[in-house]
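In: Compute the structure for the input listed below.
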Amino acid sequence: MRAWNTLRGLFLGAAPGWYKLCIVAFLIINPLVFFTAGAFVAGWLLVAEFIFTLAMALKCYPLQAGGLLVLEAVLIGMAGPQSVYAEVAHNLPVLLLLMFMVSGIFFMQDLLLAVFTRLLLGLQRKWLLSLCFLLVGAFLAAFLDALTVIAVVITVVGGFYAVYQRAAADGALSAAGLEQFRAFLRSLVMHAAVGTTLGGVVTLVGQPQNLLVGEVMGWNFGTFAWRMAPVAVPVIAAGLLTGVLLEKFKAFGYGASLPAGVRQVLAVHLQQQATEDRARRQTVVGIQAIAGVLLIAALAWHVAEVGLIGLALLLTVTAFTGATEEKRLGRAFHEAMPFAALLVVFFAVVAVIQQGALFAPVIHWVLGFEGRAQLALLYAANGLLSAVSDNVFVATVYIKEAQAAFLAQHISREQYELFAIAINSGTNIPSVATPNGQAAFLFLLTSGLAPLIRLSYLRMVWMALPYTVVLTVVGLLALVFLV
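Out: Residues are numbered from 1 along each chain as shown. Below is the predicted model:
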């Protein structure tokens, strides 16, 4: 009995008892459902359970719980080890990005904090500051990967939170001030995250699925932007307006201002940085600024895989700023590696979806329609499935179906291009609804920053809801009437 109690305490660590019971129940139920109701029902049940582990990320990091569920699914035959490996191999660029780009951005924090601290102190109006975060997120995501942009945001906001710790040590911030500061940071993070969606829809390099759609269609950078503009431009305008209105009306968790105590500490901190070891700091920031310009150029022209560019950034910045100790380098990988492991588990879920053909009924139902109604349903179906699964996977499935229909001469070239626009719009825009819709959102949810600012799964869904409704509706209307 004592050994059993010890094992029960060790299982999933400090997670609540009810959560542990849920995971055990899932592990018992899933094989029964698989062998009685079949792979289709069991597959959707697994997807729901995995989303549950993501929703409870603040209670227990989803890697272990979700990993056990997926491991069992592979063992009972819901997906073979080879299909899981194929999904991982297919998404190797994303894993390389996580391992090296996120780590490289870690060593850019001196520059990033200097720039964004001045921006934060210089803009007194919260709605204007939020609009800047939206615009910066959108602009960067149009040329960089959204994961890279989120890594920048996490680095910046994490630095701001460190200011709270200093303010708390000095007794300059009350409990109410702390909650206000957290709300302030949450709103900035969510504005920037939504901004990556706004910018990501318009260019060939904005999101991974954009490259896939562009490659299949034979569209270059300019053609892709031109074809997506009738949808992207109204969506971007609507997104920016929504951000301003949310701040003005202080709705859905937005509108919190920067506490006066933190603003004062930030100003003092910035002044101290300007005087302490000025020559060294200017040199470090100068090196990081040069590296940043080269990074943007390399990503914009896609001179190599994003992860390899990140490795180049990591190597050059650390070499020229003296960050050569193994312990210091290890800190840079601290944030990315657990999430990289979680993504591999997520790719295994995608393998289950693919092997069980879970999306097949929706695909066939949509392709049974014609005309603008078919475009609207294609957009909606891609958006719904992207909010549940990985948007890159959804885009891959649908664009292959559209390509097969075109090659079989079931649809014209014009209709084929409209399908591509609908697929790209659907996988980019409505997927803002949930953290599992985009890898960048999932990275934010599972980052070390999320528990510090109390950014849970449900809170992300709630704060994204007005954006989801407005952007989805505007995107749908633009697709039906403007394309």
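In: Can you list the low-confidence ranges for the stretch 301-450 of the chain?
Out: 390 (pLDDT under 70).
In: Which parts of it are helices?
Out: Per DSSP state H, counting those that start in this stretch, the stretch 301-450 of the chain has helices spanning 306-321, 326-333, 336-355, 360-367, 371-388, 391-407, 413-428, 439-445, 449-452. These are given in chain order.
In: and this structure, what are its domains?
Out: 1-78, 92-207+225-335 (automatic domain parsing).
In: Including mean neighbour count, could those domains go into JSON lines?
Out: The way it works is simple: take the backbone N, C-alpha and C, and place the C-beta from them, glycine included. Below are the domains of the chain laid out as JSON lines (neighbours: other C-beta atoms under 10 Å):
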{"stretch": "domain 1-78", "mean neighbour count": "16"}
{"stretch": "domain 92-207+225-335", "mean neighbour count": "19"}
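In: Can you flag the weakest of those domains by average pLDDT?
Out: Among those, domain 92-207+225-335 has the lowest mean pLDDT, at a mean of 84.
In: biggest helix in this protein by residues?
Out: Ordering each helix of the chain by length in residues (DSSP state H) puts helix 221-249 first.
In: any idea of the angle that one forms with helix 371-388?
Out: Counting by axes from the mean of the first three to the mean of the last three C-alpha atoms, to 10 degrees, helix 221-249 points 70 degrees away from the direction of helix 371-388.
In: Out of the domains of the chain, which gets nearest to W365?
Out: domain 1-78 (14.9 Å; C-beta to C-beta).
In: Quick one: name whatever helix or strand follows the helix or strand hosting F50.
Out: Using DSSP states H and E, F50 sits in helix 39-55. From helix 39-55 onward toward the C-terminus, using DSSP H and E, the following helix or strand is helix 62-75.
In: Take the domains of the chain and lay them out in a markdown table including distance to A450.
Out: Formatted as a markdown table, these follow (distance: least, C-beta to C-beta, whole Å):
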| stretch | distance to A450 |
| --- | --- |
| domain 1-78 | 7 |
| domain 92-207+225-335 | 9 |
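In: Could you say which one of those domains comes nearest to V483?
Out: Closest among those, using C-beta to C-beta: domain 92-207+225-335, at 4.9 Å.
In: got the end-to-end distance for the closest one?
Out: The first residue of domain 92-207+225-335 is 18 Å away from its last residue (C-alpha to C-alpha, to the nearest Å).
In: Give me the distance from that domain to the chain's centre.
Out: Remark: domain 92-207+225-335 is offset 14 Å from the chain centroid, using C-alpha atoms, centre = their mean, to the nearest Å.
In: Also stretch 406-425?
Out: Chain-centre distance of stretch 406-425: 28 Å, with C-alpha atoms, centre = their mean.
In: Residues touching it, excluding its own?
Out: 201, 209-210, 213, 216-217, 227-228, 231, 375, 378-379, 382, 395, 398-399, 402-403, 405, 475, 479, 483 (C-beta atoms under 8 Å, 6 or more residues apart in numbering).
In: Show the buried residues in the residues you listed.
Out: Buried by 16 or more other C-beta atoms under 10 Å: 201, 209-210, 213, 216-217, 227-228, 231, 375, 378-379, 382, 395, 398-399, 402, 475, 479, 483, out of the contacts of stretch 406-425.
In: isn't Q355 right up against A79?
Out: Yes: counting by C-beta atoms under 8 Å, Q355 does reach A79; the two are 4.9 Å apart.
In: Quick check: neighbours shared by these two?
Out: The contact sets of Q355 and A79 do not overlap (C-beta under 8 Å, 6+ apart).
In: Quick check: A89 vs T148, distance?
Out: 22 Å (C-beta to C-beta, to the nearest Å).
In: ok, so what distance separates Q271 from L185?
Out: 22 Å.
In: and the angle from the longest helix of the chain to helix 413-428?
Out: 40 degrees.
In: Could you point out the helix or strand that follows helix 221-249?
Out: With elements assigned by DSSP H and E, the helix or strand that comes after helix 221-249 is helix 260-275.
In: quick one: contacts for L27?
Out: Neighbouring residues of L27 by C-beta under 8 Å, 6+ apart: L68, L69, E72.
In: Would you agree the first one is in contact with I23?
Out: Yes: shown here, L68 and I23 form a contact pair, counting by C-beta under 8 Å, at 6.8 Å.
In: I'd like to know which elements the helix holding F50 is packed against.
Out: Packed against helix 39-55 by the contact rule (3 or more C-beta pairs under 8 Å, 6 or more residues apart in numbering; DSSP states H and E) you find helix 17-37, helix 62-75, helix 336-355, helix 457-481.
In: Out of these, which is closest to V136?
Out: Closest approach to V136 among the helices and strands packed on helix 39-55 is made by helix 457-481 (16.4 Å; C-beta to C-beta).
In: Can you point out the buried residues in the closest one?
Out: By 16+ other C-beta under 10 Å, the buried positions in helix 457-481 come out as 457, 459-461, 463-464, 466-468, 470-472, 474-476, 478-479.
In: Just name whatever secondary elements it is in contact with.
Out: Going by 3+ C-beta pairs under 8 Å, 6+ apart, helix 457-481 lies up against helix 39-55, helix 175-200, helix 221-249, helix 371-388, helix 413-428, helix 439-445.
In: just the angle between the longest one and helix 175-200, please?
Out: What it means is helix 221-249. 150 degrees.
In: do the same with the fourth one
Out: Between the axis of helix 371-388 and that of helix 175-200 there is an angle of 140 degrees, by the same axes, to 10 degrees.
In: Quick one: residues in contact with helix 371-388.
Out: 47, 51, 359, 362-363, 365-367, 369, 391, 394-395, 398, 418-419, 422-423, 425-427, 429-431, 433-434, 436-437, 472, 475-476, 479-480, 483.
In: Could you check the angle that helix makes with helix 336-355?
Out: For helix 371-388 against helix 336-355, the angle between stretch directions is 130 degrees (the same axes, to 10 degrees).
In: same thing with the longest one?
Out: Orientation note: helix 221-249 sits at an angle of 110 degrees relative to helix 336-355 (the same axes, to 10 degrees).
In: With the fifth one instead?
Out: With the same axes, to 10 degrees as the basis, helix 413-428 and helix 336-355 are set at 130 degrees to each other.
In: now the first one
Out: Here the directions of helix 39-55 and helix 336-355 differ by 160 degrees (the same axes, to 10 degrees).
In: how far out from the middle of the chain is helix 39-55?
Out: For helix 39-55, the distance to the chain centre is 20 Å (C-alpha atoms, centre = their mean).
In: How about the shortest one?
Out: Mean C-alpha position of helix 439-445 versus that of the full chain (C-alpha atoms, centre = their mean) differs by 3 Å.
In: Tell me the helices and strands packed up against that helix.
Out: By 3+ C-beta pairs under 8 Å, 6+ apart, helix 439-445 packs against helix 146-169, helix 175-200, helix 336-355, helix 457-481.
In: Using PDB, write down the CA coordinates of stretch 264-280.
Out: Extracted in PDB, the C-alpha atoms of stretch 264-280 (Å, rounded to 0.1, in the frame of the first residue of the first chain):
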ATOM      1  CA  GLN A 264       9.300  54.100 -13.000                       C
ATOM      2  CA  VAL A 265      11.500  51.000 -12.500                       C
ATOM      3  CA  LEU A 266      11.700  50.600 -16.300                       C
ATOM      4  CA  ALA A 267      12.900  54.200 -16.700                       C
ATOM      5  CA  VAL A 268      15.500  53.800 -14.000                       C
ATOM      6  CA  HIS A 269      16.600  50.500 -15.400                       C
ATOM      7  CA  LEU A 270      17.000  52.000 -18.900                       C
ATOM      8  CA  GLN A 271      19.000  54.900 -17.400                       C
ATOM      9  CA  GLN A 272      21.300  52.500 -15.500                       C
ATOM     10  CA  GLN A 273      22.000  50.600 -18.700                       C
ATOM     11  CA  ALA A 274      23.000  53.800 -20.400                       C
ATOM     12  CA  THR A 275      25.700  54.500 -17.800                       C
ATOM     13  CA  GLU A 276      26.900  51.100 -16.700                       C
ATOM     14  CA  ASP A 277      29.800  49.800 -18.900                       C
ATOM     15  CA  ARG A 278      28.600  51.900 -21.700                       C
ATOM     16  CA  ALA A 279      31.200  50.900 -24.200                       C
ATOM     17  CA  ARG A 280      30.700  47.200 -23.800                       C
END
